[in-house]
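In: quick one: sequence and predicted model below, then my questions.
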Amino acid sequence: MAVIPAPAAPRVIPLPSGAILALEEYGAADGQPVFFFHGWPSAAVQGALLHTAALALGLRILAPSRPGLADSSPQPGRKLTDWPALVRELATALAIERFHILGVSGGGPYTLACAWALPDLVPAVAVVCGAPPLAEAGSSAGFNPAYQRLLTFYTRHRGAARWLFRVLHPLARRNPPQWLMRMLRGALVGPDRDVLSDPELSQMCYAGFRGAWGAYRDGVFEDAEIYAQPWGFPLEAIRIPVRVWHGMEDGNFAHALTAYARRIPGGEIRIVPDEGHYSLPISRAPEILADLVASGT
């Protein structure tokens, strides 16, 4: 059973560029550093799901919230390729010279951007149940139906989509009633339902969702827009080892969508039977983390 640490006092890191990143830390305080990039819509507190595994492996998990989310300052008009520069600044501010990266779901594209742009700092990365390059897919086949509808609505009515997220903003920041948590758990199937039947784990996952909706009301929307845009770098130019882990029963992104990773010279696709979108990074965290820090050395 995973041990979920008590919430810590918020920590914000001012960077030389003027940006501010909210940061959460888990695992071993003096351990080998691993940056964790959260999913969407989520925030740095999602890194708590790795705490037990990281503690056992002697790893220090550093989880920043992306611009405009939680207590991180907004960066309107940002692109995916703007993220590595902020990560470099953050590592310098924390006096960290080398680090691995693990990104889950919507954190996957951000992980690959750093693999491309920061080979001098990052020996290897892992992408777990990662979002594929949507702008290159040409079709939304294999996506969660809710993602398909949201993408279609955004493509046709961008202004209305932004307005909808603004309406949701104050509601999403509230603690959910227990009946809603039970309903959300009941909507899951297979391994995801099995793992998140643990109320503590499901509450932690929801805390990540709730934490994303910080004071900046357009933060979650602007983070979502990144996925609809071209990534802005060639996967073929990545020169460090990349592990792409995906559950065979992933209901958000079908495992066949990992085909993009074949374009990465050091890419390795690992399809895991009997795991879903949420169960994979939770149930297999020890295996994934141990493999990550052993690679690229």
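Out: Thanks, I have the structure now. Nothing here was measured: the structure is a model prediction, and the numbers come from that model.
In: host element of the residue lying closest to G106 once chain neighbours are set aside?
Out: Of all residues beyond its chain neighbours, the one nearest G106 is W40 (3.1 Å), with distances taken as CB to CB, 6 or more residues apart in numbering. The way it works is simple: take the backbone N, C-alpha and C, and place the C-beta from them, glycine included. Taking DSSP states H and E as the criterion, W40 maps to no regular element, lying outside all helices and strands.
In: so what's W40 up against?
Out: Contact analysis of W40 by CB atoms under 8 Å, 6 or more residues apart in numbering lists 105-107, 131, 212, 220, 223-224, 227.
In: do the same with Y278
Out: Remark: with contacts taken as CB under 8 Å, 6+ apart, Y278 is in contact with 188, 192, 195-196, 205.
In: strands of the stretch 51-200 of the chain, start to end?
Out: Counting by DSSP state E, counting those that start in this stretch, the segments of the stretch 51-200 of the chain that form strands are 59-64, 100-104, 125-128.
In: nearest approach to P145 belongs to which of those strands?
Out: With CB to CB, the closest approach to P145 among the strands of the stretch 51-200 of the chain belongs to strand 100-104: 20.8 Å.
In: identify the residues contacting that closest one?
Out: Among residues not part of strand 100-104, those counted as contacts by CB under 8 Å, 6+ apart are 32-39, 46, 50, 109-112, 114-115, 122-130, 281, 288-289, 292-293, 296.
In: hang on, the earlier thing: output the strands of the stretch 51-200 of the chain as a markdown table; include the columns distance to W83 and mean neighbour count.
Out: Written out in a markdown table, the entries for the strands of the stretch 51-200 of the chain read as follows (distance: least, CB to CB, whole Å; neighbours: other CB atoms under 10 Å):
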| stretch | distance to W83 | mean neighbour count |
| --- | --- | --- |
| strand 59-64 | 10 | 24 |
| strand 100-104 | 11 | 28 |
| strand 125-128 | 13 | 29 |
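In: including distance to N144, could these go into a markdown table?
Out: Converted to a markdown table, the strands of the stretch 51-200 of the chain look like this (distance: least, CB to CB, whole Å):
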| stretch | distance to N144 |
| --- | --- |
| strand 59-64 | 24 |
| strand 100-104 | 15 |
| strand 125-128 | 16 |
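In: let me have those strands in JSON lines, extended by distance to G276 and mean pLDDT.
Out: Written out in JSON lines, the entries for these read as follows (distance: least, CB to CB, whole Å; pLDDT from 0 to 100):
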{"stretch": "strand 59-64", "distance to G276": "22", "mean pLDDT": "96"}
{"stretch": "strand 100-104", "distance to G276": "13", "mean pLDDT": "98"}
{"stretch": "strand 125-128", "distance to G276": "12", "mean pLDDT": "98"}
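In: point out where the stretch 51-200 of the chain drops to low pLDDT.
Out: Within the stretch 51-200 of the chain, the ranges that satisfy pLDDT under 70 run 177-187.
In: now for P14: which residues touch it?
Out: Residues 20, 93 are the ones in contact with P14 under the rule CB under 8 Å, 6+ apart.
In: before we move on, what about P230?
Out: Taking CB under 8 Å, 6+ apart as the definition of contact, the neighbours of P230 are 133, 135-136.
In: by neighbours, which of the residues you listed wins?
Out: P133 (18 neighbours; other CB atoms under 10 Å).
In: ok, that residue to R270 distance?
Out: 19 Å (CB to CB, to the nearest Å).
In: repeat for G208
Out: With the distance defined as CB to CB, G208 ends up 24 Å from R270.
In: tell me the angle the lengthiest strand in the chain makes with strand 59-64.
Out: Criterion DSSP state E: the longest strand present in the chain is strand 20-27. Relative orientation of strand 20-27 and strand 59-64, computed by axes from the mean of the first three to the mean of the last three CA atoms, to 10 degrees: 160 degrees.
In: what's the following helix or strand after strand 20-27?
Out: Helices and strands here follow DSSP H and E; after strand 20-27, the next one along the chain is strand 32-37.
In: restricted to helices, list the contacts of W40.
Out: Assignment to helices by DSSP state H places the following of those there: 212, 220, 223-224, 227.
In: and the contacts of Y278, which is closest to A63?
Out: For the contacts of Y278, the minimum distance to A63 (CB to CB) is 14.1 Å, reached by C205.
In: measure stretch 243-260 end to end?
Out: End-to-end distance for stretch 243-260, by CA to CA, to the nearest Å: 12 Å.
In: list the buried residues for it?
Out: Of all the residues in stretch 243-260, those buried under the rule 16 or more other CB atoms under 10 Å are 243-247, 249-255, 257-258, 260.
In: what does stretch 212-223 give?
Out: Residues 212-214, 216-217, 219-223 are the ones in stretch 212-223 that count as buried (16+ other CB under 10 Å).
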